[in-house]
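Colleague: Quick one: sequence plus predicted model below, questions after.
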Amino acid sequence: MTIAAPGRDGTMASAAKGWPASLWMETARPRPAPGGPGGQDSADVVIVGGGYTGLSAAQRFVERGLRPLIVEANGIGWGASGRNGGVLSPKFRLAIPDIARRHGQGVARRMAELGHEAVDAVEEAVRRDAIDDADLTMTGNLRCAHTQSAFDALKAEARTMREDFGDETSRILERDEVADETGSADFVGGVLLSHAGLIHPLNYALGLAEGLRGRGVGIWEGAPATSVRQDGSGVVVETLSGTIRAKHALLATNGYCDLAPGTAAIRRAVIPFRSAMVATGPLSEELRARLLRHGRSYSETRRMMRWFRPYRDRLIFGGRGAFGRTDSQAAFDALERAMLRVFPDLRGVPITHRWSGLVAMTLDAVPQLGRLDDRISFALGYNGAGIAMASLMGRYAADVTLGDEPDLALLGPKPLQRIPFYSLRGPAVRLVASWYQLLDTAGR
């Protein structure tokens, strides 16, 4: 099987774009010189993509006694792994009670287990590689309800999780408790999930890579995969830096599948959706004592979800709804207006960083893991919850690549689920998002 197609713009120019001017970049650990000798090489497995999925898969291959090699179009953490909000959670885009109604209690129970297993995988990796500057704190996540009906739905979900699945990690908070937690009067109540936390996402990715290099794993950076093809009893991965022969290949590029031609075969499995973030300048001690004072992550229940978290003496505010292939000033302006609606006390506080990245949305709202054939496998589509889930899916993707059939409920292993009418994805996303924004504005 050969995987090759023109890049997003018909060239390789997209692979050379710079890093976003994010708060994570400013506070990241020193980055080693780009790795990878190029030329000709061989490995047991070639992993295309240097984000959480690929890095975690490489670790699993090492544990199984194999020699993996990672090729990354830009640098470690250049994509979603270095651009996200650093929120660690066991949640899926689909609620567990909804999964139970559609697929049965057994499937829902396994999905809930996988969600918590994913959070545990991150904690384990941080300990194993001593990634102290990942700043992992398990302080919990608070879902904040913007209407009474949304609060009722959150409470019903929390009760179902406790009564039907024995999950005691959530607690219902009333309006005054949420106001005390957040410093905002914008919400009518919420549910606090204890098995969740915060992390410095880029330092986490860089720390994983450093650990792998210490175990002898090769990482080629600045090496877009121009083709991935079967060749006899193995595969050949061609990059702009050189060619690698291996027994297997794992495609792990998530929302950036169109960055280079080699991952064209999985491109139509996800809809990239841009998520934007802003960070304030340092807050005064008085503001830090009132806003997000418990140091958790927070998200709201509006359809065009916003989320917020502290980082040191700053506040980060993010959300969906930015369109296009590049940053949008209009999207950042809308995000800042939403931030001031939730936190009017921030009026006058400067915004020092603005950045965005791509969330990979799937048709059924759950990640995908499986094989394209007996040599090439894939894992992608985290629907905005990728730190924990990608860290876990990478490990399982390694097992599936080697022929195992783990019990992953809705996650796989399964055939690649492509988006129908893919060429219409842009207009369709804009139409749905506009409708959601209208409903949110109307308080529905």
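Modeller: Thanks, I have the structure now.
Colleague: Check which helices and strands the helix or strand that contains G318 sits against.
Modeller: Using DSSP states H and E, G318 sits within strand 314-322. Where contact means 3 or more C-beta pairs under 8 Å, 6 or more residues apart in numbering; DSSP states H and E, strand 314-322 is packed against strand 271-280, strand 306-311, helix 329-342, strand 351-361, helix 425-441. All C-beta spots, glycine's among them, are computed from the backbone N, C-alpha and C.
Colleague: what about 7 Å?
Modeller: For strand 314-322, the packing partners by 3 or more C-beta pairs under 7 Å, 6 or more residues apart in numbering; DSSP states H and E come out as strand 271-280, strand 306-311, helix 329-342.
Colleague: can you tell which of the ones you listed is closest to Q368?
Modeller: Of all the helices and strands packed on strand 314-322, strand 271-280 sits nearest to Q368, with 12.5 Å by C-beta to C-beta.
Colleague: what's the angle between that closest one and strand 314-322?
Modeller: 150 degrees (axes from the mean of the first three to the mean of the last three C-alpha atoms, to 10 degrees).
Colleague: Which elements pack onto strand 271-280?
Modeller: If you count contacts as 3+ C-beta pairs under 7 Å, 6+ apart, strand 271-280 packs onto strand 314-322, helix 329-342, strand 351-361, helix 425-441.
Colleague: Please repeat the previous calculation with a cut-off of 10 Å.
Modeller: Secondary-structure packing of strand 271-280 (3 or more C-beta pairs under 10 Å, 6 or more residues apart in numbering; DSSP states H and E): helix 23-26, helix 80-83, strand 306-311, strand 314-322, helix 329-342, strand 351-361, helix 425-441.
Colleague: and those as a markdown table, adding mean pLDDT, mean neighbour count and distance to A118?
Modeller: Listed next are those as a markdown table, based on pLDDT from 0 to 100; neighbours: other C-beta atoms under 10 Å; distance: least, C-beta to C-beta, whole Å:
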| stretch | mean pLDDT | mean neighbour count | distance to A118 |
| --- | --- | --- | --- |
| helix 23-26 | 96 | 20 | 21 |
| helix 80-83 | 95 | 27 | 15 |
| strand 306-311 | 96 | 22 | 18 |
| strand 314-322 | 84 | 23 | 20 |
| helix 329-342 | 92 | 16 | 27 |
| strand 351-361 | 93 | 21 | 16 |
| helix 425-441 | 49 | 14 | 26 |
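Colleague: Same list (these) but as a markdown table, adding distance to Q148.
Modeller: Below are those laid out as a markdown table (distance: least, C-beta to C-beta, whole Å):
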| stretch | distance to Q148 |
| --- | --- |
| helix 23-26 | 35 |
| helix 80-83 | 34 |
| strand 306-311 | 19 |
| strand 314-322 | 22 |
| helix 329-342 | 18 |
| strand 351-361 | 28 |
| helix 425-441 | 15 |
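Colleague: could you pull out the helices for the chain?
Modeller: When assigned using DSSP state H, the helices of the chain occupy the ranges 23-26, 52-63, 80-83, 96-103, 105-128, 148-165, 175-182, 201-214, 285-290, 329-342, 386-401, 425-441.
Colleague: how close does the residue nearest to the spatial centre of the chain get to V359?
Modeller: The centroid of the chain falls nearest to G386 when counting by C-alpha atoms, centre = their mean (2.6 Å). To V359, G386 is 8 Å away according to C-beta to C-beta, to the nearest Å.
Colleague: got any residues that touch both of these two?
Modeller: Common contacts of G386 and V359, defined by C-beta atoms under 10 Å, 6 or more residues apart in numbering, comprise 80, 84, 254-255.
Colleague: could I get these as JSON lines with distance to G115?
Modeller: Below are the shared contacts of G386 and V359 laid out as JSON lines (distance: C-beta to C-beta, whole Å):
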{"residue": "A80", "distance to G115": "19"}
{"residue": "N84", "distance to G115": "17"}
{"residue": "N254", "distance to G115": "18"}
{"residue": "G255", "distance to G115": "20"}
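Colleague: got a winner among those for most neighbours?
Modeller: N254 (30 neighbours; other C-beta atoms under 10 Å).
Colleague: Surely that one touches P272?
Modeller: Yes. The criterion here is C-beta atoms under 10 Å, and N254 meets it with P272 at 8.9 Å.
Colleague: Now list whatever residues contact both of those two.
Modeller: What both N254 and P272 touch, as defined by C-beta under 10 Å, 6+ apart, is the set 80, 358-360.
Colleague: Provide the partner residues of R274 in its beta bridges.
Modeller: A322, L358 (DSSP bridges).
Colleague: Show the low-confidence segments of the protein, by residue range.
Modeller: 1-18, 35-36, 303-304, 321-326, 421-444 (pLDDT under 70).
Colleague: if I look at the closest residue to E123 other than its chain neighbours, how far off is L283?
Modeller: Excluding its sequence neighbours, the residue lying closest to E123 (C-beta to C-beta, 6 or more residues apart in numbering) is L136, at 6.9 Å. Here the criterion is C-beta to C-beta. By it, L136 lies 22 Å from L283.
Colleague: Then H103?
Modeller: 44 Å.
Colleague: and these two? which has more neighbours close in?
Modeller: L283 (20 against 15).
Colleague: what's the burial count for the closest residue in space to the more buried one that isn't next to it in sequence?
Modeller: Take L283 and drop its neighbours on the chain: the residue closest to it by C-beta to C-beta, 6+ apart is D313, 5.6 Å away. Applying other C-beta under 10 Å, we find 13 residues neighbouring D313.
Colleague: cool, and H248?
Modeller: 23.
Colleague: hey, what's it bridged with?
Modeller: V45.
Colleague: residue contacts, it?
Modeller: Residues in contact with H248 (C-beta under 10 Å, 6+ apart) are 43-47, 61, 66, 68, 234-235, 371, 374-377, 398, 401-403.
Colleague: same thing but 6 Å
Modeller: By C-beta atoms under 6 Å, 6 or more residues apart in numbering, H248 lies in contact with 45, 375, 401.
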